[in-house]
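>>> sequence and predicted structure, then a few things I'm wondering about:
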Amino acid sequence: MTATVDWQTWLQRWDAQQSNYLPDREHSLRLILDIVERLAGPTPRLLDLGCGPGSLLGRARHRFPTADLTGVDLDPFLLELARQAHPDSATYIQANYCEKGWLKEGTFDAITSVSAIHYLSPSQLGPLLATLASHLRPGGVLVIADTLRLDPHQRPQLDRLAVDLRQHLWDGGGAPANAETWTDWWQSAHTEPAFKTLLNQRASALATLTEPETAVTLPMLMNALASAGFTEVGPLYQSADHHVIAAVR
């Protein structure tokens, strides 16, 4: 199967369509690694939560050639894309990180998560963050980059404005007219015969998930980080309602 697929091209197409929706994506990824390097050093033991096809980990390997890198995701298809496109970048693990016991051992200097937290429900947030905190060394850092509502109840006008700005700036508005979209990319993947088994496995894995009862907001996340035992928590970058948040253990 691997001999018939140009994995690098598929990853490049993934990064391109992601950047169409998030024009500052490369800046955010660099910033995450800047934070990791400044707080965890140039050879961190790093876990990337919800690593997808390894976009951050590939950049982390370039930045930290001798670091110990691990990626975890539920999606077997995207994990295989990561393994094939970045075979030497990291150790990749398939796991549902909302289940108990998914991370059994290991202490990390840094944990990162890009566009994964917003898929969770508030009830899943606290247990996950407590698990992550328990696997970070004292002084280690968790860096979360994600799109999170400001708070539709407490700050309705600013929350609505942030959403409007995001839709204006990111949701395809700045992309070329013929740019590949998220939907286009997945539809194209489903036409690739070599992906059939992996995509069936993906469907089975995702079928175990449930829709969040309500969306995680920025205040929810900040409060949950503090409750999980992080000593310092703060946003270090924001564009509309997309945030890069650092939390020190």
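Yep, it's here.
>>> where does this protein dip in pLDDT?
Applying pLDDT under 70 to the chain flags residues 1-3, 170-177.
>>> quick one: the strands in it, in order.
With DSSP state E as the criterion, the chain has strands at 45-49, 68-73, 91-94, 108-114, 136-147, 232-239, 242-248.
>>> mean neighbour count and distance to His153 added to the ones you listed, as a markdown table?
C-beta: built from backbone N, CA, C; applies to glycine. Below are those laid out as a markdown table (neighbours: other C-beta atoms under 10 Å; distance: least, C-beta to C-beta, whole Å):
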| stretch | mean neighbour count | distance to His153 |
| --- | --- | --- |
| strand 45-49 | 25 | 28 |
| strand 68-73 | 22 | 32 |
| strand 91-94 | 16 | 37 |
| strand 108-114 | 24 | 25 |
| strand 136-147 | 21 | 18 |
| strand 232-239 | 14 | 20 |
| strand 242-248 | 22 | 18 |
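>>> dump those to a markdown table, plus distance to Arg61.
A markdown table is the format used below for the strands of the chain (distance: least, C-beta to C-beta, whole Å):
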| stretch | distance to Arg61 |
| --- | --- |
| strand 45-49 | 10 |
| strand 68-73 | 6 |
| strand 91-94 | 12 |
| strand 108-114 | 13 |
| strand 136-147 | 17 |
| strand 232-239 | 23 |
| strand 242-248 | 20 |
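>>> closest to Thr208 out of these?
Among the strands of the chain, the nearest to Thr208 by C-beta to C-beta is strand 91-94 (12.0 Å).
>>> show me what the closest one is in contact with.
Strand 91-94 has contacts (C-beta atoms under 8 Å, 6 or more residues apart in numbering) with 51, 54, 69-76, 79, 82-83, 205.
>>> with stretch 34-42 instead?
44, 46, 60, 63-64, 67, 109-110, 112, 139-141, 143, 236, 244, 246, 248.
>>> equivalent analysis for stretch 159-172, please.
Contact with stretch 159-172 is made by 20-23, 147, 149-152, 173, 179, 181, 239-242, as judged by C-beta under 8 Å, 6+ apart.
>>> flag every buried residue along it.
Neighbour-count burial for stretch 159-172 flags Asp159, Ala162, Val163, Arg166, Leu169, Trp170 (criterion: 16 or more other C-beta atoms under 10 Å).
>>> gap between that stretch and the chain center?
Relative to its parent chain, stretch 159-172 has a centroid offset of 20 Å by C-alpha atoms, centre = their mean, to the nearest Å.
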